[in-house]
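S.K.: Predicted model, plus sequence, below.
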Amino acid sequence: MHGPPLVGWLLVVLTGATGLYGAHRFLRRPSAAGSGAARRAAGSEALMGLGMALMAVPPTALDTRPWGPWLFACYFSAFGVAATVWAVRARAAGHRAHHAHHALGAAAMVYAALTMAVAAEGGGHAGHRGASGLPPLTGALLVYFAGYALWAGTRLVSARPETGDRPGSGGAAPGERLAAPAPAYPAACEVCRGISMLAMVLTM
């Protein structure tokens, strides 16, 4: 992505942390990680977060041009298709469609990757004509992710932290309590991803 290296590294930390947290929840044994829908949502968060973290690495540290943007586009395209299928299944089962947002986020990352590819082929970054994307589409994505970050922020404010073991937890181990998080944990991850998506679209 374009922009100052410090912004890139901050995005790597934020998105990498949410991706690793999702991976931790997904890799726990089923009894600790929750239902199948919850595990799929955690896996989706892991794939999205880790992919964004790798894409956000500043080019001064990892310059993957010219092939990198095309690999990112392929990765997020495949992830977007999978997230769309998962969203349809979740909706049919009456669950909250976490994956619908991830599918849109994947589409935004494909758009950003293609923009990077155009810039690489033009021999420059955002200064290259046509390398900053389509202004109406970019504006629409900015509005969406800004709204999503605000919505996720309201969920984080309203989430109540736990004051002890949950009913019926039987004194679960810390790792198991982390795998089945309080409402504030996933809400905080949603805020981080929303802000990170907004920043990545801004730095295209």
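M.R.: Perfect, I can see it now.
S.K.: Extract the CA atoms of stretch 110-120 and return them as PDB.
M.R.: What follows is the C-alpha trace of stretch 110-120 in PDB, where atoms were taken according to Å, rounded to 0.1, in the frame of the first residue of the first chain:
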ATOM      1  CA  VAL A 110      -9.100  -6.800  -4.800                       C
ATOM      2  CA  TYR A 111      -9.800  -3.300  -6.000                       C
ATOM      3  CA  ALA A 112      -6.800  -2.000  -4.000                       C
ATOM      4  CA  ALA A 113      -4.600  -4.700  -5.300                       C
ATOM      5  CA  LEU A 114      -5.500  -4.000  -8.900                       C
ATOM      6  CA  THR A 115      -4.800  -0.300  -8.200                       C
ATOM      7  CA  MET A 116      -1.400  -1.300  -6.900                       C
ATOM      8  CA  ALA A 117      -0.800  -3.300 -10.100                       C
ATOM      9  CA  VAL A 118      -1.700  -0.400 -12.300                       C
ATOM     10  CA  ALA A 119       0.700   1.800 -10.400                       C
ATOM     11  CA  ALA A 120       3.500  -0.800 -10.600                       C
END
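S.K.: now it, how far from the centre of its chain.
M.R.: Between the mean C-alpha point of stretch 110-120 and the mean C-alpha point of its chain there is a distance of 18 Å (C-alpha atoms, centre = their mean, to the nearest Å).
S.K.: Give me the below-cutoff pLDDT ranges for the chain.
M.R.: Low-confidence regions of the chain, defined by pLDDT under 70, span residues 1-2, 29-35, 93-98, 122-132, 159-184.
S.K.: Please enumerate the helices of it.
M.R.: Using DSSP state H, the helices of the chain run over 5-27, 30-33, 36-56, 68-92, 98-121, 135-158, 174-179, 184-202.
S.K.: With mean neighbour count added, can I get these in a markdown table?
M.R.: No exception for glycine: its C-beta is placed from N, CA and C like everyone else's. Formatted as a markdown table, the entries for these read as follows, by neighbours: other C-beta atoms under 10 Å:
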| stretch | mean neighbour count |
| --- | --- |
| helix 5-27 | 19 |
| helix 30-33 | 14 |
| helix 36-56 | 21 |
| helix 68-92 | 17 |
| helix 98-121 | 22 |
| helix 135-158 | 15 |
| helix 174-179 | 15 |
| helix 184-202 | 22 |
